[in-house]
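Participant: just the structure for this:
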Amino acid sequence: MAMIRLSARQCGYGAAVFLTSAGGLVLEIVAGRLLAPYVGMSLYTWTAIIAVVLAGFSIGHWIGGNLAGEGCDRTAGAQRVAVALALAAISSMASLVLLRWLSGPLLGAGWSPVAAIVALAAALFLAPSLFVGIVSPILTKLAVDDAAGRHGPAIGRMYALGALGSIAGTLAAGYLFISWIGSTGTVLAVAATYAVLALVFAVPGRAATALTVVLAMLGGSFGYAGYRAKAFVSPCRIESDYYCIRIDNFAQASGRPSAIMVLDHLAHGINDRDDPGLLYSTYLHFLDEYARRLLPTREALQAFVVGGGALTLPRAWAHDRPGAAIRVAEIDPAVTGAAAAYMWATPTNGLRIDHGDGRLILQSLPMARQFDVILGDAFHDISIPAHLVTKEFHAQIHARLKPDGFYAVNVIEGGPRPLFLLSLLRTLAEEFISVEVWVDATELDAATRITYVIIAADLMTPFGRLQSTRGLQRNWVRLPSPDLAHHAATLGVPILTDDYAPVDRLLAHVIFDPELAER
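Facilitator: Modelled structure (predicted):
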């Protein structure tokens, strides 16, 4: 009978370690999604989150180890676990409220963007990680005490269950919870799990009653504060496996029925309801005018677009060129669905959407010169995914372009040392005879970041300036290629390959400089 009771306790301790470890990793994964609408989802965001969560776990384990010392018998240990879990539940719930309260002041305080991201991550996620980190040392000590001399297996079992819980939490957050109930719902589910476990471990009596009352009071207080701050309402119109998708009304700015799509915190297209050819984004307007000037007779335009977003330019080309065949590779079906539902971008016979990675889809096509235009417009925060800027990918593009066709890719850069832009130019020059950089003339002297358009082809553009012929009045200029080549050689920027493509490091100056980092 004693052995049965012992097994039940061991199972209970193991289950609690599994669930708390899972909750800690679920919160870590969800943290990136919570911050994405405010700071994007870059290498620097994830680095800050992982560092903060690990710091919380480390401090919590150290505190828990001290609490698991002398005097930590079964009753005292259970009470300490209950208190730690109650605090983990309250701080997890509070992170949603603090996000609304602190994001504006911290991000607008004039700090380095990285410092602001680290501070925001610490304010939100250090406490939940710390409190849940206290639990496992105490539970492991209790499991060892109940192991009847088999201390080694008990310790190993608890460590293994903690690791398995972390794996399960990571998989569940990434593949299930965010898609099912969203990031806000997931945080609330984690907080509820901690609260239930806290009540399970609360020893019956006054301590349990007091803990229940405290949980109810604090939970009610933060619930009311969260309701007032709209902390429990997702800022996303749609929360997909990849993005927080928002659709905002653009009519006030344009004076026409129009909408803008924002993925995480970056705009990915502005569509006009009544005129698909009216392009508000200057780089898309340039690409349309450039294609009209360079390929004026191609009504049957053959185009491949990497990154669909709001389908702004493909929609315009499909409308204006009845014989066009435009194939778009968009990794997120939810983005395509939002573009169709809210931005009047319904696929037609001339517009085909393939859901998947753009590079893999392009490589699956015949190695034939079939496209007049290939456009790269895929972004992860402000950077292009590394596998879409390498020499090897450019070789795949070049092999599928017609002799007079061109590849265009837009780049967000800024400052006197645009390292990524220069590195991409040098990489493209490995495959293409002509590599040019175009920019809106009004942005030449801009102090903040600029959207450049790179044109890579085997034929040089026969003009150096371009003026819009429809829509908004704009002028674009080609930057002097010899100057760019000299600048790239002077700075020693690398050629990007599948083996080495440090995109985030090359764009670090845009992140670290507060002026360039302005949204």
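
Participant: in stretch 253-262, what's buried?
Facilitator: Under the neighbour-count criterion of 16 or more other Cβ atoms under 10 Å, stretch 253-262 has 254, 258, 259, 260, 261, 262 buried. Backbone N, C-alpha and C define where each C-beta goes, glycine included.

Participant: show me what the host helix or strand of the last one is packed up against.
Facilitator: When you say that, I think you mean residue 262. Using DSSP states H and E, the element containing residue 262 is strand 258-263. Using 3 or more Cβ pairs under 8 Å, 6 or more residues apart in numbering; DSSP states H and E as the contact test, the elements touching strand 258-263 are strand 244-249, strand 266-272, helix 333-342.

Participant: ok, that strand: who's next to it in the sheet?
Facilitator: strand 244-249 (antiparallel), strand 266-272 (antiparallel) (DSSP bridges).

Participant: quick one: pLDDT of residue 359?
Facilitator: pLDDT for residue 359: 96.

Participant: chain center to the lengthiest helix in the chain, what's the gap?
Facilitator: Scanning the chain for the helix with the most residues, using DSSP state H, yields helix 2-39. Centroid separation for helix 2-39 versus its chain: 24 Å, with Cα atoms, centre = their mean, to the nearest Å.

Participant: buried residues in whatever helix or strand comes next after it?
Facilitator: Sequence-wise, the next helix or strand downstream of helix 2-39 (DSSP H and E) is helix 43-67. Within helix 43-67, the residues scored as buried using 16+ other Cβ under 10 Å are 43-46, 48-49, 52-53, 55-57, 59-61, 63-64, 67.

Participant: show me this protein divided up by domain.
Facilitator: Domain assignment for the chain by automatic domain parsing gives 2-235, 279-512.

Participant: between those, which has the poorest mean confidence score?
Facilitator: Among the domains of the chain, domain 2-235 carries the lowest mean pLDDT (a mean of 88).

Participant: so how far is that domain off the chain centroid?
Facilitator: 23 Å.

Participant: relative orientation of the longest helix of the chain and strand 266-272 in degrees?
Facilitator: 60 degrees (axes from the mean of the first three to the mean of the last three Cα atoms, to 10 degrees).

Participant: helix 2-39 vs helix 43-67, what angle?
Facilitator: Using the same axes, to 10 degrees, helix 2-39 lies at 150 degrees relative to helix 43-67.

Participant: which helices and strands does helix 2-39 pack with?
Facilitator: Contacts defined by 3+ Cβ pairs under 8 Å, 6+ apart place helix 2-39 against helix 43-67, helix 74-107, helix 113-133, helix 135-145, helix 151-172, helix 178-201, strand 244-249.

Participant: picking that back up, right, so of the domains of the chain, which gets closest to residue 273?
Facilitator: Of all the domains of the chain, domain 279-512 sits nearest to residue 273, with 5.2 Å by Cβ to Cβ.

Participant: distance from the chain centre to the closest one, please.
Facilitator: On Cα atoms, centre = their mean, the centre of domain 279-512 falls 21 Å from that of its chain.

Participant: count of neighbours near the closest residue to residue 55 other than its chain neighbours?
Facilitator: In space, residue 55 comes closest to residue 126 once its chain neighbours are excluded; the distance is 6.5 Å by Cβ to Cβ, 6 or more residues apart in numbering. Other residues near residue 126 number 19, with proximity taken as other Cβ atoms under 10 Å.

Participant: how near is residue 126 to residue 41?
Facilitator: 20 Å (Cβ to Cβ, to the nearest Å).

Participant: and if you look at residue 141?
Facilitator: 38 Å.

Participant: equivalent analysis for residue 315, please.
Facilitator: From residue 315 to residue 41 the distance is 26 Å (Cβ to Cβ).

Participant: next: residue 196.
Facilitator: In terms of Cβ to Cβ, residue 196 sits 31 Å off from residue 41.

Participant: swap in residue 439?
Facilitator: 27 Å.

Participant: go on, residue 198?
Facilitator: To residue 41, residue 198 is 32 Å away according to Cβ to Cβ.

Participant: surely residue 263 and residue 243 touch.
Facilitator: Yes: using Cβ atoms under 8 Å, residue 263 makes contact with residue 243 at a distance of 4.3 Å.

Participant: so what sits against both of the two?
Facilitator: residue 335 (Cβ atoms under 8 Å, 6 or more residues apart in numbering).

Participant: need phi/psi at residue 498.
Facilitator: phi -60, psi -30 (degrees, to the nearest 10).

Participant: what sits against it?
Facilitator: 387, 390, 391, 392, 393.

Participant: who wins on neighbours among those?
Facilitator: If you rank the contacts of residue 498 by neighbour count (other Cβ under 10 Å), residue 393 sits at the top with 25 neighbours.

Participant: got the contact list for it?
Facilitator: Neighbouring residues of residue 393 by Cβ under 8 Å, 6+ apart: 359, 387, 498.

Participant: from residue 365, how far out is residue 359?
Facilitator: 11 Å.

Participant: and these two? which has more neighbours close in?
Facilitator: Taking neighbours as other Cβ under 10 Å, residue 359 and residue 365 compare with residue 359 leading, 19 against 14.
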